[in-house]
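Chemist: Model the following, please.
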Amino acid sequence: MLSSQYRILFKNISEDKIMKTIKKILYIVVASITIPAGIVYAQRPSGSADSDGFFPTPIGPQDFKILVHSILGVVIKVGTVVAVLAIIYSGYLFIAAQGKEEKLKTAKDTFLWVVIGSIILLGAEVLSRVIYDTMAPIVGPF
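Modeler: The predicted structure is shown next:
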């Protein structure tokens, strides 16, 4: 249930409809961040060569470590925005719970998994460096 001060604003709207609207807004925000990034990367003219005359590979970098680092950079930027929005959403769940034990448990679980996901997201680059540094001596640079 919404608190009484918000009930005046949303008196004819159900809580489920509000939650669906919030989810739609989150989807739009995520799409507006990720779709333009693909458009920007697609702007290089077809058949253009580098200054040394060689055509670039379709995936960009020649080194696997640089490729993983650049992919992780994009994932971390998008994931950070999603994590912030998820924390805001879990805060809304706490407010909407209004002391009801079942809804409070859902809000606590949501917040816990958002924090765990954020820790994994922030540790992804460190984890990739550890894996690369561990595998490089065994199989050579790749």
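Chemist: Next, give phi and psi for Gly99.
Modeler: Comment: the main-chain dihedrals of Gly99 come out as phi 90, psi 0, following degrees, to the nearest 10.
Chemist: Look at it and say how many residues are nearby.
Modeler: As a burial measure, the neighbour count of Gly99 was computed by other C-beta atoms under 10 Å and equals 6. All C-beta atoms are positioned from the backbone trio N, CA, C, and that covers glycine.
Chemist: ok, now Val114?
Modeler: Around Val114 sit 19 other residues, with neighbours defined as other C-beta under 10 Å.
Chemist: residue boundaries of the helices in this structure?
Modeler: Counting by DSSP state H, the chain has helices at residues 4-9, 15-41, 64-97, 101-139.
Chemist: deepest of the ones you listed, which one?
Modeler: Comparing the helices of the chain by mean neighbour count (mean count of other C-beta atoms under 10 Å), helix 64-97 comes out on top with a mean of 15.
Chemist: That one to helix 101-139, inter-axis angle?
Modeler: Regarding helix 64-97 and helix 101-139, their directions subtend 170 degrees when assessed with axes from the mean of the first three to the mean of the last three C-alpha atoms, to 10 degrees.
Chemist: and the direction of helix 64-97 versus that of helix 15-41, what angle?
Modeler: Using the same axes, to 10 degrees, the inter-axis angle of helix 64-97 relative to helix 15-41 is 160 degrees.
Chemist: Remind me what helix 64-97 packs against, helices and strands.
Modeler: Applying 3 or more C-beta pairs under 8 Å, 6 or more residues apart in numbering; DSSP states H and E, one finds that helix 64-97 makes contact with helix 15-41, helix 101-139.
Chemist: would you list those in TSV and tack on mean pLDDT and distance to Val78?
Modeler: Supplementary listing: the helices and strands packed on helix 64-97 in TSV, determined by pLDDT from 0 to 100; distance: least, C-beta to C-beta, whole Å:
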stretch	mean pLDDT	distance to Val78
helix 15-41	73	6
helix 101-139	87	10
